[in-house]
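for reference, the sequence and a predicted model appear below.
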Amino acid sequence: MNSLLSKIRRDPQFRIQIAYRTALLSMMALLWASFLILTFAMNRGQSESAVFQDIAKQRMLSQRVVLLGQLALRATSDEQKSEILVLMGESLAELKSAHTDLAKLIGSLDTKGAVAETLHDVYFSNPTQLDLRMRSLVTNANRFSTFLMNSPDVAVLYLGPMEELASSVILPALDRVISIHNGVSQRSAAMTKYVHLALLILSLALLIVIWRFLFKPLAAKIGMRTMQLQVAHDNLQYAVLHDSLTGLANREYAMTKLRSITESSVEESPIKVAIFHLDLDNFKSVNDTYGHTNGDRLLELVANRMQAVVGNNGTACRLNGDEFLIILDTISASETVSGIAGNLLCALNKPTNIDGLFTQVQTSIGIALFPDDGKTRKDLLVAADLALYEAKNTGKGTYKFFQPKMIIKYNQTKTLEQEIDRAIEERQFQPVFQPQINATSGAIIGVEVLVRWHHPERGILLPAEFLDAAASLGKMTQITRLVLEQAFETAAHWLENGTEFGRIGINFSNQDLLLHGFVDEIAAIAEASGLTCERLSAEIVESVVINNDDTQCMAALMRLRELGIKVEIDDFGTGFATMVHLNRKLFDRVKIDRQFITNLDQSERNLIIVDSIIRLSTALGLSVIAEGMERQEEIDTLLELGCVEFQGNAIAPPMPANIAGKWLKAHNKTPLLGRPSNETATASTTH
Ligand code: C2E
Ligand code: MG
Ligand code: MG
């Protein structure tokens, strides 16, 4: 018992079970009691009506006997008399039997009850003595029958008492019995009614108790549990379809949504749907430079900004890493897809402060429209992807709409990829040379080696057209080796015939730096051609340094310096976070990117940037070279800012070996800051 009680106290589920069962049992008990009472009342009613019928019968028979006696006396023939006597005999027998049964029943009643006592009195006590009187009636009637045929005068003597008995004693006594019975029936009916009412009230009270103490708390509990379940279900649903870091919808959600959009018939969706495929251009470097925690925070920030721009126009999803997909399916009339793309770039390309560190990500966006650019999910994604690829290849930090020609371009790239091996084998990659001069002394300080692909069908291809393909195939080191072998041979030839060229500038790719021992291999090739390392300089693109802030890349840079090869940071200003790298004493020179030199004399912003780069580099003890000047005004502005080293078409364009050789010779003879002779410039522009 104790353990049961403690279980009830401890276990709420058990408590509910117990309460539930108790309620059920109580209800069953009440129903059972109700059933018993009804049955009892019905049985009683049945037996009472039988008794009542018996009494009514006796009443009728006693009158009939007297009536038949009177008829028999008046009968005219013996035949008639005897017929009536037969009837009278039958009625008497019935009366006697009915009376005997009832008298026996009443005689056997326990006389403690008031009703039983009264009935008893009526039947067996004075003044009524119904039993005795009934038997007298029967005796008188028998005697009347006996004497009627032979001695009618004697028979008459019995008829008078019979009439007297029947009318003045038996009938009132039977009426009294009937009224006693009626009273009893009414009382028991009233009793049954009260008991029923009590049961009903009890049932209702029990129902209220059950509702108040069992079902109400139970319902509240069930409601609460259901709500908790719903919340858990919603959370699960949310987790399945959302990215845990940014809270944006995830790839799963994006793919399902795209499927439902593309599977709904085009007629059903008159509104066009736009798919934005976004990629952060330099996210890897943020991760590498600032650590993954800050990288995550940047992603959260980007997601928030994205969400703010997208608003109710669609859904922003994170596919993975720094890749996002935006599905714009409810573009309002006032907004255009390109408007939203522009807003996105503005919001996402803003400088960001993470934990006191300022950084800036650039985002490229590829846009595809449904159903114009693809009717299936796969086609749409490919279209958006190709547009993104194009956006990245045309300067990054921008957006591009899908155009069918991108497929052609993509296929061309794929074809180029297939042709690269053969091109290496057939030495189709060849160097061109672009001089660098010092404006103060007029001396040639270097010659940058730039690769050209002499494609058998498409003519001369620029690096922008094939370097990415070569890089994605991992062919960069082979191309660098091939190009430099030829460049060193040319430079050695210039040395032999006394053509001064300063240093040979080599563009080292990411893959070149990461291939162990490659730097030494290049130095060995140079030396084999007759060039010492002092004749070489290495140009490392800013993004290569940042994206490979690992030991291997740093080791390669150190090795270059150990070998006596000058190291310079190329395309300076196009990446970010380069101050960190500048401060590491890894570089000898900074090469300001062409985008800041173009229109330098007209652009206030470019002027500020270039001025800052020059001041900073000078302060850090680094020399500065500007590339890409095409006009005298740009040169003049650079000179005013204190930059004296130049490489650009205004000085000389990239030229093949023989023309470059001639240009160098000519310039060496007349060491002035100037352009190539008309003859040379015309000859070289084709390259
Ligand atoms: P870069 O190293 O910054 O080379 C300078 C680029 O600017 C060259 O483009 C050059 O032709 C161009 N340039 C120089 N002055 C002017 C000018 O006044 N106006 C204009 N419009 N352009 C000018 P190019 O040859 O197309 O090379 C593009 C980039 O490809 C190079 O940029 C370099 O990053 C890469 N590259 C070229 N050759 C090689 C190579 O052999 N190996 C590697 N790894 N990368 C290379
Ligand atoms: Mg370069
Ligand atoms: Mg450059």
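Cool, got the structure. Ligands and ions are numbered 1, 2, ... in the order given.

give me the pLDDT value at Lys7.
pLDDT recorded at Lys7 is 80.

now name the helix or strand holding it.
Using DSSP states H and E, Lys7 sits within helix 2-10.

list the helices and strands the host helix or strand of Leu105 packs on?
Element membership of Leu105 [criterion: DSSP H and E] is helix 78-108. Applying 3 or more C-beta pairs under 8 Å, 6 or more residues apart in numbering; DSSP states H and E, one finds that helix 78-108 contacts helix 12-74, helix 114-124, helix 130-148. In this view, the C-beta of every residue, glycine as well, is placed from N, C-alpha and C.

give me that answer again for 10 Å
Packing contacts for helix 78-108, counted by 3 or more C-beta pairs under 10 Å, 6 or more residues apart in numbering; DSSP states H and E, involve helix 12-74, helix 114-124, helix 130-148, helix 171-210.

so what's the gap between the helix holding Lys7 and the chain middle?
Helix 2-10 has its C-alpha centroid displaced from the chain centroid by 43 Å (C-alpha atoms, centre = their mean, to the nearest Å).

now the angle between helix 12-74 and it, please.
110 degrees (axes from the mean of the first three to the mean of the last three C-alpha atoms, to 10 degrees).

counting by contacts, list what helix 2-10 packs against.
Helix 2-10 packs on helix 12-74, going by 3+ C-beta pairs under 10 Å, 6+ apart.

state the mean pLDDT of the helix it packs on.
pLDDT averaged over helix 12-74 gives 81.

now stretch 212-220
Rounded mean pLDDT across stretch 212-220 is 80.

can you list contacts of that stretch?
With contact meaning C-beta atoms under 10 Å, 6 or more residues apart in numbering, stretch 212-220 is reached by 16, 19-20, 22-23, 207, 210-211, 222.

so which bits of it are buried?
Under the neighbour-count criterion of 16 or more other C-beta atoms under 10 Å, stretch 212-220 has nothing buried.

contact partners for Met162?
Here Met162 is in contact with 62, 65-66, 69-70, 136-141, 143-144, 170 (C-beta under 10 Å, 6+ apart).

export the host helix or strand of it as CSV, just CAs?
Counting by DSSP H and E, the element that carries Met162 is helix 152-164. C-alpha atoms of helix 152-164 as CSV (Å, rounded to 0.1, in the frame of the first residue of the first chain):
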residue,chain,number,x,y,z
PRO,A,152,-86.5,-22.6,-4.8
ASP,A,153,-88.1,-21.2,-1.6
VAL,A,154,-85.1,-22.4,0.4
ALA,A,155,-82.7,-21.1,-2.2
VAL,A,156,-84.2,-17.6,-2.0
LEU,A,157,-83.1,-17.6,1.7
TYR,A,158,-79.4,-17.8,0.6
LEU,A,159,-79.7,-15.1,-2.2
GLY,A,160,-80.5,-12.3,0.2
PRO,A,161,-77.4,-12.7,2.4
MET,A,162,-75.3,-13.2,-0.8
GLU,A,163,-76.5,-9.8,-2.1
GLU,A,164,-75.9,-8.3,1.3
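
look up the closest residue to Thr128, ignoring the ones flanking it.
The shortest distance from Thr128 to any non-neighbouring residue, by C-beta to C-beta, 6 or more residues apart in numbering, is to Ala173 (4.5 Å).

surely the one you found touches Thr118?
No - here Ala173 does not reach Thr118: they are 11.6 Å apart, not a contact under C-beta atoms under 10 Å.

give me the more crowded residue out of the two.
When neighbours are counted by other C-beta atoms under 10 Å, Ala173 and Thr118 differ, and Ala173 comes out ahead with 22 against 16.

what comes up buried for stretch 380-392?
Applying 16+ other C-beta under 10 Å to stretch 380-392 flags 380-392 as buried.

repeat that for stretch 603-617.
606-607, 609-611, 613-614, 616-617.

out of these, the closest to Leu200 would be?
Nearest to Leu200, judged by C-beta to C-beta, of the buried residues of stretch 603-617 is Ile609 at 94.9 Å.

touching, that closest one and Phe596? I think so.
Yes - at 5.2 Å, Ile609 counts as touching Phe596 under the criterion of C-beta under 10 Å.

what residues do these two have in common as contacts?
Common neighbours of Ile609 and Phe596 (C-beta under 10 Å, 6+ apart) are 573, 603.

okay, now the residue in the stretch 101-250 of the chain that ligand 3 sits nearest to: neighbour count?
Closest contact between the stretch 101-250 of the chain and ligand 3, by C-beta to the ion, is at Thr246 (35.1 Å). For Thr246, the neighbour count with other C-beta under 10 Å is 21.

repeat for the one 4 residues further on
The local packing count at Asn250 equals 20, with neighbours defined by other C-beta under 10 Å.

does it touch Asn320 like I think?
Yes - judged on C-beta under 10 Å, Asn250 makes contact with Asn320 at a distance of 8.9 Å.

which SS class is the closest residue to Asp296 other than its chain neighbours?
Leaving out its chain neighbours, the residue that sits closest to Asp296 by C-beta to C-beta, 6+ apart is Leu245, at 5.9 Å. Three-state call for Leu245 (DSSP: H, G, I helix; E, B strand; the rest coil): coil.

contact residues of the stretch 451-600 of the chain facing ligand 3?
Proximity of the stretch 451-600 of the chain to ligand 3 (C-beta under 5 Å from the ion) is limited to residues 570-571.

what parts of the stretch 451-600 of the chain come near ligand 2?
So the stretch 451-600 of the chain meets ligand 2 at 507, 539, 570 (C-beta under 5 Å from the ion).

who does the last one form a beta bridge with?
For Asp570, the beta-bridge assignment (DSSP bridges) gives partners Val541.

that one against Val590, yeah?
Yes - under the criterion of C-beta under 10 Å, Asp570 makes contact with Val590 at 9.0 Å.

end to end on stretch 144-153, go ahead and measure it.
Taking C-alpha to C-alpha, to the nearest Å as the measure, stretch 144-153 stretches 10 Å from start to finish.

can you check stretch 1-21 too?
17 Å.

which SS state does His454 fall under?
Per three-state DSSP, His454 ends up strand.

about what we covered before: by neighbour count, which of the residues of the stretch 451-600 of the chain next to ligand 2 wins?
Asp570 (24 neighbours).

how about the contacts made by that residue?
Per C-beta under 10 Å, 6+ apart, neighbours of Asp570: 448, 505, 507-508, 538-545, 589-593, 625, 627.

for Ile504, what is the enclosing helix or strand?
strand 503-508.

residue ranges of the helices in the stretch 501-650 of the chain, please?
510-514, 518-529, 542-547, 551-562, 578-582, 594-597, 604-619, 632-641 (DSSP state H, counting those that start in this stretch).

quick one: Thr363 and His455, what's the gap?
With distances taken as C-beta to C-beta, to the nearest Å, Thr363 is found 33 Å from His455.

those two: which has the busier surroundings?
Of the pair Thr363 and His455, Thr363 is the one with more neighbours under other C-beta under 10 Å, namely 26 against 15.
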